[in-house]
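>>> what follows is a predicted protein model with its sequence.
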Amino acid sequence: MRPMNPPITEWSGRSVWLIGASSGIGLATAHALHAAGARVVVSARQEALLAEFVQAHAGAHAFTLDVTDAQGMRHVAEQVQALQGLDVVVYCAGYYKSVRATAYSLPEMLQHQAVNYTGALHMLDAVLPSLLQQGQGHLSLISSVAGYRGLPQSLAYGPTKAALIHLAEALYMDLASQGIGVSVVNPGFVATPLTAQNTFEMPALISPAQAAQAMLQGWARGLFEIHFPKRFTRWLKLLRVLPYRWYFAIVHRATGL
């Protein structure tokens, strides 16, 4: 199968900026990329955790960043560009709280939107001009299988992840001809501080390190969508195409909600 993106198989010397890399998938991916020889820059709000990463990874750099701050995003992007250029930008920032319509919370809905989606728009505003000018690079958005279709307890989270998938699709169609790769990462359940909140059984739960390796494998294959673990995500892809009557019945039977 022909790659949809230029495959990234060699990381040595490649500049990678990971946004939302103080824990979970972002941190694990930063570890993996540094081990592969990439020049890694990590950003997040938690300065102490970023400092720990830099101390443990020679040559790495960190810039504290709140993704909801558009001006701050532009400022950090300029610093990264001046420091080592921009080859790959990975948007890993995420926020999750279980929300149902029976306990609707507008502040929670808007917080999910601000971090999970609007933050990605801030990132694009900050890096697209540079990537377009240089005519190369790669953008990767960390979404979720929760964005495939509506799910119980995902009233706030799911729509933001669906928006990221849609955004990545549109970006790919606009940027492929400009020499810029675009990928969207749709994990199933990964053991992170976000999923630790869940009180239900999480099928096919994997570690952040396993998620990071799946992402590197997907980038090496030039994939547009990177989803994992396959034993779980393939079933969700099947559910994605079912008629609503069947889909709602199956989800209700599986979750009791």
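Good, I have the coordinates.
>>> give me the distance from stretch 78-94 to the chain's centre.
Distance, stretch centre to chain centre, for stretch 78-94: 14 Å (CA atoms, centre = their mean, to the nearest Å).
>>> can you point out the buried residues in that stretch?
For stretch 78-94, burial by neighbour count (16 or more other CB atoms under 10 Å) applies to 79-81, 84, 86-94. Quick note: C-beta positions are derived from backbone N, CA and C, even for glycine.
>>> the helices in the stretch 51-200 of the chain, which residues?
Ranges of helices within the stretch 51-200 of the chain are 70-84, 106-112, 119-134, 157-175, based on DSSP state H, counting those that start in this stretch.
>>> measure how buried Ala35 is and give me the count.
By other CB atoms under 10 Å, the residues close to Ala35 number 13.
>>> which phi and psi values does it adopt?
phi -60, psi -30 (degrees, to the nearest 10).
>>> relative to Leu216, how far out is it?
10 Å (CB to CB, to the nearest Å).
>>> just put the helices of the stretch 51-200 of the chain in TSV and tack on mean pLDDT and distance to Phe224.
Shown next, in TSV, are those (pLDDT from 0 to 100; distance: least, CB to CB, whole Å):
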stretch	mean pLDDT	distance to Phe224
helix 70-84	98	24
helix 106-112	98	24
helix 119-134	98	16
helix 157-175	98	6
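>>> now the ones you listed in TSV, with distance to Val99?
Conversion of those to TSV gives the following (distance: least, CB to CB, whole Å):
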stretch	distance to Val99
helix 70-84	25
helix 106-112	5
helix 119-134	18
helix 157-175	7
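>>> for Asn198, find the nearest of the ones you listed.
In terms of CB to CB, the element of the helices of the stretch 51-200 of the chain nearest to Asn198 is helix 157-175, at 11.3 Å.
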